Structures are given as structure tokens and as C-alpha cells.
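Q: Sequence first, predicted coordinates after that:
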Amino acid sequence: MRSLSFPRRALPFMSALRLLALSYLASAAVFVVTAAVVAHPDWVRLQPAVIHEPVVRLNLTPLAPNDIPAPPKSKLPTRHKPEAGAQAANPAPAMPPRVVPDLSPESAPVPAEPKLVKPNPIAPADVRSDLRNAPAPVIAVPPHDRLKAAAFRLTDKLTLEMARHFDLILYVSKANSGPLAQRMVVFRNSDGVLTPIHDWKVSTGREQDEVSPRGRSTFTATPKGFYEFDPDRMYRAYHSWNWDRDMPHAMFFNWERRGVQTGLAIHAATDDDIAKLGSRASAGCVHLGPENAALLYHLVRDHEGRVPRFAYNADTETMSNSGNFMHDRQGRLKMTDGYRVLVMIDDYSGDGRLAGLN
């Protein structure tokens, strides 16, 4: 059988055909890969993450209703409220109480605060020029002697920085007797004018050594001082683990002591504690009547804004409750998000000032 052979002049032509075929195959491969990348871009990006990224384990425990963050408030200048007597088409279901262990006990003594420059008190009119002509609050003096005593007692302690940055001021007297004893007076601060808008009975701490139902020894006191509310601890329904008591409309103070946020709060009294309003009857919190607590809860939440931060002692990990605020190196207040509501816990009966206020 005769074998096929090609002339020598045809060999260079065959080599060129092979090179052309290989080039064609390489171009086809590049086209296929490029088309795959374009069609599936996420596949290319996810591959290194699957190989190199560490595994992240998520906590899939369902959120309680109180843990769901509230939607941001509308920034519109006006809000349309439903007419009186109108009811929602789908009323919200009753919220179950949030049950968590109570925070630090209140029996430990308060550590000494750092040596800070004491804030300037509100100055009388003849020396206001020393404070850069800052206006001092004006009291819309009510006719009732008890409210007069609360108003003037408040301005004895209030500073210009407080008057400038808080829209509501809650004055609470934990005194055991006297016209102001076991009362809360709510003042509205509008352009430097303080006007009392609510006057309610309260119950503060029993001021005695006790053992809670959970076996915790504590001194049931309500410490004097100035406090802000903690925006992360506002509960329509709450249950005290330590005292096994419901705390409706609980608003906890933003007061850290010895490195732990304390469990002091203002909330509604329940059961037999309602009849004790007007006397020392709590384990340290400030009790209000149920209707008044609900009203105050919504009133506070309507006053969100920027507020000054209280001074902090890093050595004792304790926040000031004496009215001292944080300042930067230029002397400017350090601000944070919160509620423009200041709480003053006082131990003043009101007896000493009434004769001079008539």
C-alpha cells in the first residue's frame, strides 16, 4: 500500500494551520471564561470569603416586643394627632412584662467624685454680666405655697448649664414630713421660664436595711442628686427580679456606679403600693400613681434631643450625680443623645421657706 506524503514546500503551510487552530482554541477558552464571569459576578467575589472568612454565629433568639427599636420620629414641623375619642382600627396588643435580673444594689456607699470646678449657680441680675449676660431662668410663681417652695428650692440648686439644656425638670422631695415631703413637681422650661405643670404624690425609698425576696441585702434608699434618663432603658412593662414586683412605665436613670448601671427608676406603683403614695414605701425607686406614670412616660419620650453628659470618675467608675458635666479642653460641654429631662432628688421638707415666700 502506498503511503501518503507531502511535498516539502507544503510543510510550512501545515505548521501555520496548526498555530492558527491553537490560537482559535485559546481565544475560545478566554471568551468562555469571560462570559462566565460576566454572568455570575457574585460567584467570583464570594469564593475567597467562603475559604478565608471566619464563621460568624448569629443569635437567632426572637426579640421581645420591648426589644424592638421604635421607628424614628418624623421631622415634620407638625404632627397630626387623632381627634378626641377616636380609636385606632387595629389597637396594639397588651405588651408582656420584660423580666430581667435587677441591676446593682443601691446599698453601697457612693464613691467620692473627682475634684472638678463647681458649675456657676444661677446668678442674680446684678452679676449676670460676669456670665456673659446669660439669661437666668424666671419662675412663673404658682399661688400654692408648696409649689413656691419647690420652685425656689430648685433654682437654689439649678445651674445655667442645666437651665439651657433641659426642657423638663422633675423635682422630687424624698423628705419624710413637711409640705414638700413625697411630692414630684414637674416644671416646664421654656426660653428660661420655669412653669410647674404637674404636682403629684410619690413614694421614695424606705431608708432601711432589708433583705429582698431573692435574699439580697440592701439599703432601700433613694440617693439625692441630679439624674438623666437612660434612653436604652425605657419600658412600658417591666418586672423586678430582685423584688418580684411589676414596674409599669419604668424609666431608669442613666447613672453608673462602680462600673455598673444602677437600677434606680421612676415607675408606676402597683397593688398595695398605690395606697402608700405620699409616704416612704419603695425599695429605692420613685413610685407614681399609674395614670401619672403613664402620662410622664409619654411626656418624657416627647422630649428627645442632645443633652450634656455628666462627669465621670474613671478611678471609681462612677458618674457624677452632683450636677457636674463633662467638658472638653476648650471648656465646651460634651453632648450625647438622650431626653432633655433632668431629675432632681432632694431631701427637703419645704417648711423653712414658706414664711418668706408669701
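A: Good, I have the coordinates. These numbers were taken from a predicted model, which means no experiment stands behind them. Numbers count the residues shown, from 1 in each chain.
Q: For my notes, confirm residue 31 occurs in a helix.
A: Yes - judged by DSSP: H, G, I helix; E, B strand; the rest coil, residue 31 forms part of a helix.
Q: For residue 20, see how far away it is.
A: Look at residue 31 and residue 20: by C-beta to C-beta, to the nearest Å, they are 16 Å apart. (Glycine included, C-beta is placed from N, CA and C.)
Q: Over to residue 297?
A: 84 Å.
Q: By residue count, which strand of this protein is the longest?
A: Counting residues, the longest strand found in the chain (DSSP state E) is strand 225-235.
Q: Buried residues, that one. List them.
A: 225, 226, 227, 228, 229, 230, 231, 233, 234, 235 (16 or more other C-beta atoms under 10 Å).
Q: Could you do stretch 157-165 as well?
A: Applying 16+ other C-beta under 10 Å to stretch 157-165 flags 157, 158, 159, 160, 161, 162, 163, 165 as buried.
Q: Out of those, which sit inside helices?
A: 157, 160, 161, 162, 163, 165 (DSSP state H).
Q: if we can go back for a sec, residue 297 and residue 20: which is more packed in?
A: Neighbour totals were compared for residue 297 and residue 20, and residue 297 leads with 21 against 10 (other C-beta atoms under 10 Å).
Q: Please put the alpha-carbon coordinates of whichever strand or helix holds the more buried one into CSV.
A: Element membership for residue 297 (DSSP states H and E) is helix 290-301. What follows is helix 290-301, C-alpha atoms only, in CSV (Å, rounded to 0.1, in the frame of the first residue of the first chain):
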residue,chain,number,x,y,z
PRO,A,290,-50.4,54.5,87.5
GLU,A,291,-52.1,57.3,85.4
ASN,A,292,-49.5,59.8,86.3
ALA,A,293,-46.6,57.4,85.5
ALA,A,294,-48.1,56.7,82.1
LEU,A,295,-48.6,60.5,81.4
LEU,A,296,-45.0,61.2,82.5
TYR,A,297,-43.6,58.3,80.4
HIS,A,298,-45.0,59.7,77.2
LEU,A,299,-44.2,63.3,78.2
VAL,A,300,-40.5,62.3,78.6
ARG,A,301,-40.4,60.4,75.3
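Q: Report the rounded mean pLDDT for it.
A: On average, the pLDDT along helix 290-301 is 96.
Q: List the contacts of it.
A: Contact with helix 290-301 is made by 168, 170, 186, 198, 200, 229, 234, 236, 248-249, 251, 266-270, 274, 288, 339, 341, as judged by C-beta atoms under 8 Å, 6 or more residues apart in numbering.
Q: Switch the buried residues of strand 225-235 over to JSON lines; also include pLDDT.
A: Shown next, in JSON lines, are the buried residues of strand 225-235 (pLDDT from 0 to 100):
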{"residue": "225", "pLDDT": "95"}
{"residue": "226", "pLDDT": "96"}
{"residue": "227", "pLDDT": "96"}
{"residue": "228", "pLDDT": "96"}
{"residue": "229", "pLDDT": "96"}
{"residue": "230", "pLDDT": "95"}
{"residue": "231", "pLDDT": "94"}
{"residue": "233", "pLDDT": "93"}
{"residue": "234", "pLDDT": "94"}
{"residue": "235", "pLDDT": "94"}
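Q: so which of those comes closest to residue 151?
A: When the buried residues of strand 225-235 are ranked by distance to residue 151 (C-beta to C-beta), residue 226 comes first, at 16.6 Å.
Q: which SS state does the residue nearest to the closest one when sequence neighbours are not counted fall under?
A: Ranked by C-beta to C-beta, 6 or more residues apart in numbering and with sequence neighbours excluded, the top spatial neighbour of residue 226 is residue 323, at 4.7 Å. Here residue 323 takes the coil state, with states given by three-state DSSP.
Q: Check the burial of the nearest residue to residue 246 once chain neighbours are set aside by counting its neighbours.
A: Of all residues not flanking residue 246 in the chain, residue 270 sits nearest, at 4.9 Å (C-beta to C-beta, 6+ apart). Applying other C-beta under 10 Å, we find 14 residues neighbouring residue 270.
Q: now swap in the one 4 residues further on and tell me
A: Other residues near residue 274 number 15, with proximity taken as other C-beta under 10 Å.
Q: Repeat that for residue 290.
A: Neighbours of residue 290 using other C-beta under 10 Å come to 15.
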